[in-house]
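Chemist: Structure of the sequence below:
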Amino acid sequence: MNIFAARAADKDNPTYLKLAELYHDPSVEKGVQDANGGVAVLRTVPASDLQALLKKVQDQAVAAGK
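Modeler: Next up, the predicted model:
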């Protein structure tokens, strides 16, 4: 799994945004598919969805530790 993540302070960093954009260039996506036998699943998930999932997992970890 590959994820592009940044600190909140860097969420608008032009270099990071360009890197994420380039990853979805058709030639890069083709290379990813070629390197993974054509079975890679490329997705763009909104940051808000990832943050909600992180909170859920953290809450579950805290609950399991009690």
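Chemist: all helices for this protein, in order.
Modeler: Shown for the chain, the helices assigned by DSSP state H span residues 14-23, 26-35, 47-64.
Chemist: any chance of these in a markdown table, plus mean neighbour count, mean pLDDT and distance to residue 4?
Modeler: (C-beta placed from N, C-alpha, C; glycine too.) Output for these, formatted as a markdown table (neighbours: other C-beta atoms under 10 Å; pLDDT from 0 to 100; distance: least, C-beta to C-beta, whole Å):
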| stretch | mean neighbour count | mean pLDDT | distance to residue 4 |
| --- | --- | --- | --- |
| helix 14-23 | 12 | 92 | 5 |
| helix 26-35 | 11 | 96 | 13 |
| helix 47-64 | 10 | 94 | 10 |
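Chemist: Turn these into TSV, including distance to residue 3.
Modeler: Shown next, in TSV, are the helices of the chain (distance: least, C-beta to C-beta, whole Å):
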stretch	distance to residue 3
helix 14-23	10
helix 26-35	14
helix 47-64	8
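Chemist: Go through these and name the closest to residue 8.
Modeler: helix 47-64 (9.6 Å; C-beta to C-beta).
Chemist: and that closest one, C-alpha only, in PDB?
Modeler: Below are the C-alpha coordinates for helix 47-64, written out as PDB (Å, rounded to 0.1, in the frame of the first residue of the first chain):
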ATOM      1  CA  ALA A  47      -8.300  13.300   3.600                       C
ATOM      2  CA  SER A  48     -11.500  13.600   5.700                       C
ATOM      3  CA  ASP A  49     -12.300   9.900   5.100                       C
ATOM      4  CA  LEU A  50      -8.800   8.900   6.100                       C
ATOM      5  CA  GLN A  51      -8.900  11.000   9.200                       C
ATOM      6  CA  ALA A  52     -12.200   9.500  10.200                       C
ATOM      7  CA  LEU A  53     -10.800   6.000   9.700                       C
ATOM      8  CA  LEU A  54      -7.700   6.800  11.700                       C
ATOM      9  CA  LYS A  55      -9.900   8.100  14.600                       C
ATOM     10  CA  LYS A  56     -12.000   4.900  14.500                       C
ATOM     11  CA  VAL A  57      -8.900   2.700  14.700                       C
ATOM     12  CA  GLN A  58      -7.400   4.800  17.500                       C
ATOM     13  CA  ASP A  59     -10.600   4.500  19.400                       C
ATOM     14  CA  GLN A  60     -10.700   0.800  18.900                       C
ATOM     15  CA  ALA A  61      -7.100   0.500  20.100                       C
ATOM     16  CA  VAL A  62      -7.800   2.500  23.300                       C
ATOM     17  CA  ALA A  63     -10.900   0.400  24.000                       C
ATOM     18  CA  ALA A  64      -9.000  -2.800  23.500                       C
END
